[in-house]
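Peer 1: with the sequence up front, the predicted model follows.
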Amino acid sequence: MTQVKVLVIGGAGYIGSHVVRALLRENFSVTVYDNLSTGQECNLFANAAFVRGDILDSNALNRVMAEGFDAVIHLAAKKAVGESMENPQFYALNNICGSINVFNAMLNNGIKNVVFSSTAAAFGMPQYLPLDEKHPLEPISFYGFSKVEIERVMAWYAKLKDFHYIALRYFNAVGYAADGSIRGREINPQNLLPIVMETVTGKRDMVHIYGNDYDTPDGTCIRDYIHVEDLADAHVAAIKSLLQNQQSHVINLGTNSGTSVLEIIQATEKVCGRKVKYDFVARRAGDPAVVLAGNEQAKKILGWTPKYTDIEKIIQTTWNLEKEDGNIK
């Protein structure tokens, strides 16, 4: 049986490397395309080919895609919400123009199927919970806007060309591969759990919690945390769905359960046996009190359900890595 060939753009990054790992375990033939601006060489696998290149380089994209692939997974994007508000032109160029370069290179080389990493930031302030795929898209950051625009481009390409996509709207990705095969940490992390872990390991002094007066049980924001291995499995399921059915979809990836900021800190203290220093500061503009993902579409279309639902077990996968690497002060 011929191996399915998949090009993973952004495959040296945090989520991308876990996607590559999941594909290799399912015996896909994998090529990683990454400019290593945030991805890391230590996240590359020996049994996956690697091409260093940028999504802003149309010629390089066309060269690699000329090798022939059954599908593309596109994870290459800038994703810092605050930075996107300060430098929208950079996000427009990289996220929107870069993605169009990817899709055009696919069409130029007869590649019909793409899995695209989208985001819960597409929704903006929740009008109801849990958020499902029919929820209005009213992003409140330029980052979220950039992802919505790419989804719209893909929908038009699917109408006009032999082009099929599944956009996976991630919620809060956390954790690491339980087998320790991926060791590269996110550089300058913006998300809560990596910041909490850097505090535990002595890399930073304190966690700043933005607001403690929300309408939640402990006053801190509640988010839907999904283990990165579950995210990776969803990408494999999405590739299989595209190859079999040739149908386009937008699908939320979350657990439909929430954990507050303080609960994350308390669970980390329990797992690590160390105190986490934190203080409360003013709310950030545009932070919803609660964000939860409905995942019925993922179950129905992909046959996917999250395996990691215990937040302590998720935190343990990160703590194990820190211990093994001797990062604890």
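Peer 2: Arrived safely, thanks for sending. Numbers count the residues shown, from 1 in each chain.

Peer 1: tell me where the model's unsure across this structure.
Peer 2: 1, 326-329 (pLDDT under 70).

Peer 1: contacts only, for the closest residue to A80 other than its chain neighbours.
Peer 2: Nearest non-adjacent residue to A80, counting by Cβ to Cβ, 6 or more residues apart in numbering: Q190, 5.2 Å away. (Each C-beta comes from the backbone N, C-alpha and C, glycine too.) Neighbour list for Q190: K79, A80, V81, G82 [criterion: Cβ atoms under 8 Å, 6 or more residues apart in numbering].

Peer 1: nearest to S99, of the residues you listed?
Peer 2: Relative to S99, the closest of the contacts of Q190 is K79; by Cβ to Cβ it sits at 13.0 Å.

Peer 1: and the spatially closest residue to the closest one that is not a sequence neighbour, how far is that from G184?
Peer 2: Spatial nearest neighbour of K79, excluding adjacent residues (Cβ to Cβ, 6+ apart): Y143 at 6.1 Å. Y143 sits 22 Å away from G184, going by Cβ to Cβ, to the nearest Å.

Peer 1: what about these two, which has more around it?
Peer 2: The neighbour count for Y143 versus G184, taken as other Cβ atoms under 10 Å, is higher for Y143 (23 against 18).

Peer 1: touching, A238 and I166? I think so.
Peer 2: Yes: judged on Cβ atoms under 8 Å, A238 makes contact with I166 at a distance of 4.3 Å.

Peer 1: what residues do these two have in common as contacts?
Peer 2: Each of V115, I251 lies in contact with both A238 and I166 under the rule Cβ under 8 Å, 6+ apart.

Peer 1: thinking again about what came up before, who touches the residue nearest to K79 in this structure?
Peer 2: So Y143 contacts K78, K79, A80, V81, E83, S84, Y91, N95, T119, A121 (Cβ under 8 Å, 6+ apart).

Peer 1: the same query, at a cut-off of 10 Å, please.
Peer 2: By Cβ atoms under 10 Å, 6 or more residues apart in numbering, Y143 lies in contact with 77-85, 88, 91, 95, 119, 121-122.

Peer 1: now, which of these sits nearest F45?
Peer 2: Nearest member of these to F45, counting by Cβ to Cβ, is A77, at 21.5 Å.

Peer 1: wait, is the closest one part of a helix?
Peer 2: No: per DSSP: H, G, I helix; E, B strand; the rest coil, A77 lies outside any helix segment and is coil.

Peer 1: so how far is A80 from the closest residue in space to it that isn't next to it in sequence?
Peer 2: Take A77 and drop its neighbours on the chain: the residue closest to it by Cβ to Cβ, 6+ apart is N95, 4.8 Å away. Here N95 is placed at a distance of 11 Å from A80 (Cβ to Cβ).

Peer 1: got it, and Q244?
Peer 2: 36 Å.

Peer 1: these two: which is more packed in?
Peer 2: Taking other Cβ under 10 Å, Q244 and A80 do not tie; A80 has more neighbours (16 against 8).

Peer 1: show me the protein divided up by domain.
Peer 2: Structurally, the chain divides into domains by automatic domain parsing as follows: 5-174+225-253, 192-223+256-324.

Peer 1: can you give me the end-to-end span of the last one?
Peer 2: Criterion Cα to Cα, to the nearest Å; first-to-last residue distance in domain 192-223+256-324 is 22 Å.

Peer 1: now the closest residue to L292 other than its chain neighbours. Its backbone dihedrals?
Peer 2: Spatial nearest neighbour of L292, excluding adjacent residues (Cβ to Cβ, 6+ apart): P130 at 4.1 Å. Per-residue torsions, P130: phi -70, psi 160 (degrees, to the nearest 10).

Peer 1: isn't L93 right up against A77?
Peer 2: No: checked against Cβ atoms under 10 Å, the pair L93 and A77 is beyond contact range at 11.5 Å.

Peer 1: one step back: following element in sequence after the helix or strand encompassing the residue nearest to K79, please.
Peer 2: Counting by DSSP states H and E, the element that carries Y143 is helix 142-160. Downstream of helix 142-160, the next assigned helix or strand under DSSP H and E is strand 164-170.
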